[in-house]
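Visitor: Predicted model and sequence below, questions to follow.
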Amino acid sequence: MKFPQSFSAAVKAVIATLLLLISSVSFAAWQSWPAVGDARLKWGPWVIYDSELRTPTGLYRNDVSDIALVIKYQRNINKDDLLKATDQQWEHLGIALNKRRQWLAKLDAMWPDVKKGDRLIFVIRGENGFFYQDNLRIGIIEDKEMSLAFINIWLSPETAYPTIRSRLIGNV
């Protein structure tokens, strides 16, 4: 964006920051998509999170080009624990260690610690994956293989959580 010469550097910086903030909070199409299914992850007596899968049609197909996974956390979880759990699930799915390390470094740069009530949303649109914390976009994955590997933690037939998968894809 080009500013008139009369604007001070501070005013230009504030306007640029506001424009960046507005663009990252903007409405995302996934918010209006209907739910396919939902599931709850428990560990013993503790609820870890509630999840919901959304698509533009409200139906699940093996094609995951337009899909959103919404996870609402019911506990505080630090980023390192989220990364460790993701790594364990990718290992379970047979993803090579070197690839997992690369992908975890990308996630480490964008993921926050989560607090009870926070939502992390992962959306695949076309070739890219997008992470949101509530309605704020916090990262983009421009690697289709990584995006598919992430969503497959829940949707792969080889998932460690087959009951959650069945509920998310509407088979319950």
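Guide: Sure, I can see it. Numbering: from 1, shown residues only.
Visitor: next structured bit after the helix-or-strand element of the chain with minimal mean pLDDT?
Guide: Across the helices and strands of the chain, the lowest-confidence element by mean pLDDT, DSSP states H and E is helix 9-25, at a mean of 48. As assigned by DSSP states H and E, the chain's next helix or strand after helix 9-25 is strand 35-43.
Visitor: Now do that following strand: which elements does it pack against?
Guide: Packing partners of strand 35-43 (3 or more CB pairs under 8 Å, 6 or more residues apart in numbering; DSSP states H and E): strand 46-54, helix 162-168. Bear in mind the C-beta positions are built from the backbone N, C-alpha and C, glycine included.
Visitor: The longest one relative to strand 35-43, how many degrees between them?
Guide: Using axes from the mean of the first three to the mean of the last three CA atoms, to 10 degrees, one finds that strand 46-54 and strand 35-43 are set 160 degrees apart in direction.
Visitor: what does strand 46-54 contact?
Guide: Residues from elsewhere that reach strand 46-54 (CB atoms under 8 Å, 6 or more residues apart in numbering): 30, 33-42, 60, 67-75, 77, 154-155, 164, 168-169.
Visitor: angle of whatever helix or strand comes next after it against strand 35-43?
Guide: Downstream of strand 46-54, the next assigned helix or strand under DSSP H and E is strand 66-73. Angle, strand 66-73 to strand 35-43, by the same axes, to 10 degrees: 30 degrees.
Visitor: Strand partners (parallel or antiparallel) of strand 66-73?
Guide: strand 46-54 (antiparallel), strand 119-125 (antiparallel) (DSSP bridges).
Visitor: mind giving me TSV with these and columns for distance to Ile95, mean neighbour count and mean pLDDT?
Guide: Below are those laid out as TSV (distance: least, CB to CB, whole Å; neighbours: other CB atoms under 10 Å; pLDDT from 0 to 100):
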stretch	distance to Ile95	mean neighbour count	mean pLDDT
strand 46-54	21	18	96
strand 119-125	16	20	96
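Visitor: Could you take these and lay them out as JSON lines, with extra columns for distance to Leu136?
Guide: Converted to JSON lines, the strands paired with strand 66-73 look like this (distance: least, CB to CB, whole Å):
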{"stretch": "strand 46-54", "distance to Leu136": "18"}
{"stretch": "strand 119-125", "distance to Leu136": "10"}
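Visitor: Quick one: closest of those strands to Lys144.
Guide: With CB to CB as the measure, strand 119-125 is the member of these nearest Lys144 (8.5 Å).
Visitor: Centre of the chain to that closest one, how far?
Guide: On the basis of CA atoms, centre = their mean, to the nearest Å, strand 119-125 sits 3 Å off its chain's mean C-alpha point.
Visitor: Partner strands of the helix or strand just after it and their direction?
Guide: For strand 119-125, the following helix or strand on the C-terminal side (DSSP H and E) is strand 128-133. Take DSSP bridges as the rule and strand 128-133 pairs in its sheet with strand 119-125 (antiparallel), strand 136-141 (antiparallel).
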